[in-house]
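# The following comprises the amino acid sequence and a computationally predicted model.
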Amino acid sequence: YIMPTGTVTFTNDEGVSCTDDLDTNGYASCGLVFTVDGNYEAVYTSTDGFHVSGGSATGDHQVSVYTATASRTPEPTATATSTPVPTATLAATAIPTRVTGCNSIKDYFDALPKKPSPLIISSTGYTMTLLIPNPNLYQVEFNEIFVAWNGSSGHRVKPGVTEELRLMSVALNGTLWQMASPGQGGSSYTVQAPFLVPAVIEPNSSATLTFTFDKTYNNPKDEVVTLQFATPGCETFTFTVTR
């Protein structure tokens, strides 16, 4: 028998069509896109005189709606990481608070009886000390200290015999001013460097000012300590303690 030749055109109800030539076995196929249920028609067009009954064939088709299954890609589990927090190192810096009342420390010393003097000389040691209270709720700063002592004869060797007494250092709590060897001679000295009386955190906060000499200070006379305030707002205030 003779295989027919020609083309087949496929058309669906939506008007979408496609055409394919018959192959050597007399088959034709092509792809149609359907979006709804309905019919399609195949129309054969011969090129060699063959005809099909009716000239066309029909069929139906259905569109199945695909139900998508949601799938979720697991999100990565966050792993807690610890970022090191820098440890703050605090360094004391002389940045006092500006104040308006500057008499508190001066008034304290003015109110003390003249005898005994708050300026204490060790009877067996090499030191002269002054306890400075700070009744304020803020840091108090001084930038100058003047001290006078019995430099010419402050050390008594025996009755009627005395020796020069030299200043070796000045200290306020942990801050130390060391005199160059062999110490400060004469009878007075001025330290010009900021030093601080700690602010009051607990009642009766204070700082100890210590003068250290090269020999036992056992022949006191005419001792004077004068301090100049540096706290902003108090720069013109001084107070003096004598013995």
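Sure thing, it's come through.

# Would you agree residue 155 is in contact with residue 220?
No - taking Cβ atoms under 8 Å as the definition, residue 155 is not a contact partner of residue 220, at 10.6 Å. To be clear about C-beta, it is placed using only N, CA and C from the backbone, and glycine gets the same treatment.

# Of these two, give the one with the bigger neighbour count.
residue 155 (20 against 17; other Cβ atoms under 10 Å).

# mind checking how far that one is from residue 176?
Distance, residue 155 to residue 176, using Cβ to Cβ, to the nearest Å: 22 Å.

# can you list the domain ranges for the protein.
The chain breaks down by automatic domain parsing into domains covering 6-61, 104-242.

# Ranked by average pLDDT, which of these falls at the bottom?
Per-stretch mean pLDDT for the domains of the chain is lowest at domain 6-61 (a mean of 78).

# For this protein, just list every one of the helices.
Applying DSSP state H to the chain gives helices spanning 104-111.

# coming back round to it: pick the most buried one from the domains of the chain.
Stretch with highest mean neighbour count among the domains of the chain: domain 104-242 (a mean of 16; mean count of other Cβ atoms under 10 Å).

# What is the end-to-end distance of that domain?
Across domain 104-242, the terminal residues are separated by 18 Å (Cα to Cα, to the nearest Å).

# Just give me how far it sits from the chain centre.
From the chain centre to the centre of domain 104-242 is a distance of 39 Å (Cα atoms, centre = their mean, to the nearest Å).

# The closest residue to residue 214 other than its chain neighbours and residue 220, how far apart?
Leaving out its chain neighbours, the residue that sits closest to residue 214 by Cβ to Cβ, 6 or more residues apart in numbering is residue 166, at 4.5 Å. Distance, residue 166 to residue 220, using Cβ to Cβ: 15 Å.

# cool, residue 27 as well?
Distance, residue 27 to residue 220, by Cβ to Cβ: 132 Å.

# just residue 35 next, same as before
As judged by Cβ to Cβ, residue 35 and residue 220 stand 115 Å apart.

# Quick check: residue 197 touching residue 105?
Yes - Residue 197 lies in contact with residue 105 (Cβ under 8 Å); the separation is 7.5 Å.

# got any residues that touch both of those two?
Taking Cβ atoms under 8 Å, 6 or more residues apart in numbering as the contact rule, residue 197 and residue 105 both touch 132, 133, 134, 140.

# now those residues as a markdown table including distance to residue 39?
A markdown table is the format used below for these (distance: Cβ to Cβ, whole Å):
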| residue | distance to residue 39 |
| --- | --- |
| 132 | 110 |
| 133 | 109 |
| 134 | 105 |
| 140 | 104 |
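
# In this structure residue 48 contacts residue 7, no?
No - the criterion here is Cβ under 8 Å, and residue 48 misses it with residue 7 at 11.8 Å.

# got any residues that touch both of those two?
Residues touching both residue 48 and residue 7 (Cβ under 8 Å, 6+ apart): there are none.

# Now do the contacts for the closest residue to residue 206 other than its chain neighbours.
Take residue 206 and drop its neighbours on the chain: the residue closest to it by Cβ to Cβ, 6+ apart is residue 133, 4.5 Å away. Counting by Cβ under 8 Å, 6+ apart, residue 133 touches 105, 108, 197, 204, 205, 206.
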